[in-house]
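1. Need a 3D model of the sequence below.
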Amino acid sequence: MCQKVYAIYRCADFHESKGQTRDRFKYIRDCAVFRDGLSPSGCGEWQRVHDLQEDNPEDYCLECLGKRTPELPKSHEEPQRPDDQLASRVLDPPRRGHPCLGDRCGGFHADHIHAISSRVPGYDLIKKSAADGCSFAMMVICVLNNIGFATTWQLEIRPDNAQPGLPPPKYLRVKSGNPYEDFKRYELFTPLASPWRGILSKNPITPDPFDNSCVEQIRIWLQDCLCEHEKCRLAEPASLPTRVVDIGSVTGKESPVLYVSKGERVPYATLSYCWGANMRCLTTKETISRFQEGISLAEMPATFRDAVLITRRLGIRYLWIDALCIVQDDDEDWRRESGRMASVYGHSTITLDATASRSASEGLSPKRPPLISHQHTDRFGIEHTVYIRECIYHGFLYNAPASDHPTFGRGWCLQERLLSRRVVHFTRQEVVWDCRSMWMCECGIPAFFPFDRVPGQPTNHPADMQNFHSWRQSVLGNRVHQDPKIHEQWQRVLSLYSNGRLTYDEDMLPALSGIAQSLYGTQLGRYYAGLWETNLIHQLMWVRKPRFVEGKANFGRNARKYTAPSFSPLSRVGVLEDFPWHLGFPYDNCKVVDIRVKPSGSDPTGAIAEGEVTITGMLFRFYVATHQEPPRSIVPEFCDMKCHTPSGGTVTVYWRPDADELVSLVPVGCDIVLLRLSFGFYMVLFQQESTGKYTRIGGANIDYKRAQEEFDKLATLTTVTIV
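-> Model prediction:
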């Protein structure tokens, strides 16, 4: 099925045409969707004004052979410029039976073809169409040849939903014969300066992330942000951190030195990265004097070297790197400087994030995959370049797989990117700008997938990025004092943070202290090892989110060193479920009598030495008759226990342990202690024989009426201390 063909006239011709012919014209101001080469970059000068189907009932194919020039009104005959000549051309009817697969024939329209597979005749049709000269089919074959397509693979060619005023972007989905591998997506696009109707225009991305064009783009983003974004500005220039790396002049080649600042108020950059194994370039008591004399670039790991060179090219003299600016074997210096993370990253001019690098030895950015290009000459002799690349996923900042973005799986990096005013992410495919006012990417236009888009929002703010910026503003922005959902937002912080990895378990609280400091003194009240003073009972209703490996649920593990009291969600290592607000409001009889936490140092949000909470609530003891763990349990995400009550009844308790090792504390034949926090949530406790105090070992749910009634009859109001 072919599309209609429109004669193209100049805008002036339309307005000055005679009244008796005016009703034959369609006034359409949409030059962004013209056919090959006819639109001068969306300026609005050209109009689609005359539907030839009104004169001839046969549809014309824009992709097939032939062309003609319609006659213009006599009064407007004049020497034509090259653009005028292009704008007046229309194609003749196609030859019958031409197997054209281009979008102008409708072959790839969503209403006609949803998939073309190598296992059906459609794949042979693509090859035949390419041999017959179909430009779109030739592009498809070009892609398949470059990725090593085999006849056993699956191939799909799909148009995606378009934004208003833009053609539907086309992409290929290719899957190898391996049933465990997912589809890979490849998008087709043209350069912005060379549009081609039916194919979206985007910025080609150079394979070298340190190319001048890439660095210049970062510089432009930075200058625009410094000049125009009020949300990103500091009230006044900030002082340098205690130590910084002085990288020298922009054009200089001198070795960087570790510089002890004197309170200078000058711009500086920060680095966010994954350490990896065998980190050797560290400031210690032994190396600090030598580093103050100079640090050879050859001695630095690749990520440090790249950060130094990029910072120089951006015109910034000072760079903060944790491994170099904190004395790593000095506990006092480490506690003091790590407690200043909120200030260090919050006052930084720009943060360079080695998002795609797994260790400091891999560099700031990996080499990007090369662009696949296809040259095409249209019917008018105009050459076009169509590029093909893997589709770029733009939702990574909000919901990123750690396998593709390792820094998002590092515990320290969450606060580094949340606290920073401006972050440049060096991803596997492109450079991404993320500040408190906007989000931009190197390709220029985000991927047009349904989960990546918000109707009515600018194209540089996909759905999840809008959510991320809104969430960050609610956590760290000016309206945090009035936000009624700030406790939910904090739980979201904990949930994201718990997905990260830490080299040392004892960093659990310090790696979150920067965010906690930024919220100190707000409506949340005082801070207690990951929990806040206001609405404390509700915050105690946290649970672990199990990860299933070969059908077995893993809830987490005990920390190798003491990190926090057991009632804190940061007391053990494991993923936290999003806040269980559906479990209801705190029970009326449940009250916090006292809570105290003793910090290890001077920072109340950092590492702690000990802590305990005293709660008055309804306490009940069950006798465990049977105990099943996933996957044999009734509910896969819970362990279930059949328990006998003192009155002879039986109830089923569904619970999640705070760590896998804690399941052994409730064997069959022992008593289990439950403290009711709300109408749907119970804290599972284990009593210490030596002190009589309790340790939290999990969270439980008894959600059916008979069990609740049994609990109400036999529970007693008790005051317990949890350590």
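2. doesn't Pro565 make contact with Leu540?
-> No: using Cβ atoms under 8 Å as the test, Leu540 is too far from Pro565 to be in contact (11.3 Å). (Each C-beta comes from the backbone N, C-alpha and C, glycine too.)
3. Need the residues touching each of these two.
-> Val613 (Cβ atoms under 8 Å, 6 or more residues apart in numbering).
4. Which residues are in contact with the closest residue to Ser361 other than its chain neighbours?
-> Leaving aside its sequence neighbours, Ser361 sits nearest to Pro301 (Cβ to Cβ, 6 or more residues apart in numbering; 5.0 Å). Pro301 sits next to 279-281, 359-361 when contact means Cβ under 8 Å, 6+ apart.
5. Name the member of the residues you listed with the most neighbours.
-> Ala360 (27 neighbours; other Cβ atoms under 10 Å).
6. what's the residue nearest to Arg676 when sequence neighbours are not counted sitting at in phi/psi?
-> Distance criterion Cβ to Cβ, 6+ apart; nearest residue to Arg676, sequence neighbours excluded, is Met618 at 4.4 Å. Main-chain torsions, Met618, degrees, to the nearest 10: phi -80, psi 120.
7. What is the burial count for Met618?
-> Residues near Met618, counting by other Cβ under 10 Å: 20.
8. bridging residues for it?
-> Arg676, Leu717 (DSSP bridges).
9. What residue spans form the domains of the chain?
-> 6-87, 103-202, 213-366+392-475, 478-722 (automatic domain parsing).
10. Ranked by average pLDDT, which of these falls at the bottom?
-> When the domains of the chain are compared by mean pLDDT, domain 6-87 comes last with a mean of 33.
11. Which parts of the stretch 451-600 of the chain are strands?
-> Using DSSP state E, counting those that start in this stretch, the strands of the stretch 451-600 of the chain run over residues 527-528, 531-532, 547-549, 552-554, 557-558, 572-573, 591-599.
12. in the longest one, what's buried?
-> By 16 or more other Cβ atoms under 10 Å, the buried positions in strand 591-599 come out as 595, 597, 599.
13. Check whether the last one really touches Ile608, as I assumed.
-> Yes: counting by Cβ under 8 Å, Ile608 is a contact partner of Pro599 at 5.3 Å.
14. Serialize the buried residues of strand 591-599 to JSON lines and add fields for distance to Phe183.
-> Shown next, in JSON lines, are the buried residues of strand 591-599 (distance: Cβ to Cβ, whole Å):
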{"residue": "Ile595", "distance to Phe183": "51"}
{"residue": "Val597", "distance to Phe183": "49"}
{"residue": "Pro599", "distance to Phe183": "50"}
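15. which one of these sits closest to Leu192?
-> Checking those against Leu192 with Cβ to Cβ, the nearest one is Pro599 at 54.8 Å.
16. who's in contact with the closest one?
-> 606-609.
17. Report the buried members of those residues.
-> Here, 16+ other Cβ under 10 Å leaves 606-608 buried among the contacts of Pro599.
18. can you confirm Arg696 is in a helix?
-> No: with DSSP: H, G, I helix; E, B strand; the rest coil as the criterion, Arg696 is strand rather than part of a helix.
19. Which ones among the buried ones among the contacts of Pro599 lie within strands?
-> Ile608 (DSSP state E).
20. For the buried ones among the contacts of Pro599, give me CSV that also has distance to Leu188.
-> Shown next, in CSV, are those (distance: Cβ to Cβ, whole Å):
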residue, distance to Leu188
Gly606, 51
Ala607, 53
Ile608, 55
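21. Of the buried ones among the contacts of Pro599, which is the nearest to Gly669?
-> The nearest member of those to Gly669, counting by Cβ to Cβ, is Ile608 at 35.7 Å.
22. Gln687 touches Cys670, doesn't it?
-> No: contact status for Gln687 versus Cys670: not in contact, 10.8 Å apart, counting by Cβ under 8 Å.
23. tally of neighbours for Met641?
-> 23.
24. what sits against it?
-> Taking Cβ under 8 Å, 6+ apart as the test, what Met641 contacts is 622, 624-628, 652-653, 655, 666, 672.
25. Closest one to Gln223 out of these, please.
-> Trp655 (55.3 Å).
26. Tell me which helix or strand the closest one sits in.
-> For Trp655, the host element (DSSP states H and E) is strand 650-657.
27. Check which helices and strands that strand sits against.
-> Contacts defined by 3 or more Cβ pairs under 8 Å, 6 or more residues apart in numbering; DSSP states H and E place strand 650-657 against strand 608-628, strand 639-644, strand 682-687, strand 694-701, helix 705-714.
28. Strand partners (parallel or antiparallel) of it?
-> Checking strand 650-657 against DSSP bridges gives partners strand 639-644 (antiparallel), strand 694-701 (antiparallel).
29. can you list contacts of it?
-> 543-544, 546, 555, 622, 625, 633-635, 637-645, 663, 672, 674, 682, 684, 697-703, 706-707, 710-711.
30. where exactly do the strands run in the stretch 201-350 of the chain?
-> 201-202, 243-246, 257-260, 268-272, 318-320, 350-353.
31. Now for Gly339, how many residues are close by?
-> 21.
32. got a list of what it touches?
-> 510, 513, 517, 601-603, 605-606.
33. Adding distance to His376, write those out as TSV.
-> As requested, those are exported to TSV (distance: Cβ to Cβ, whole Å):
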residue	distance to His376
Pro510	57
Ser513	57
Gln517	57
Gly601	66
Ser602	67
Asp603	62
Thr605	60
Gly606	61
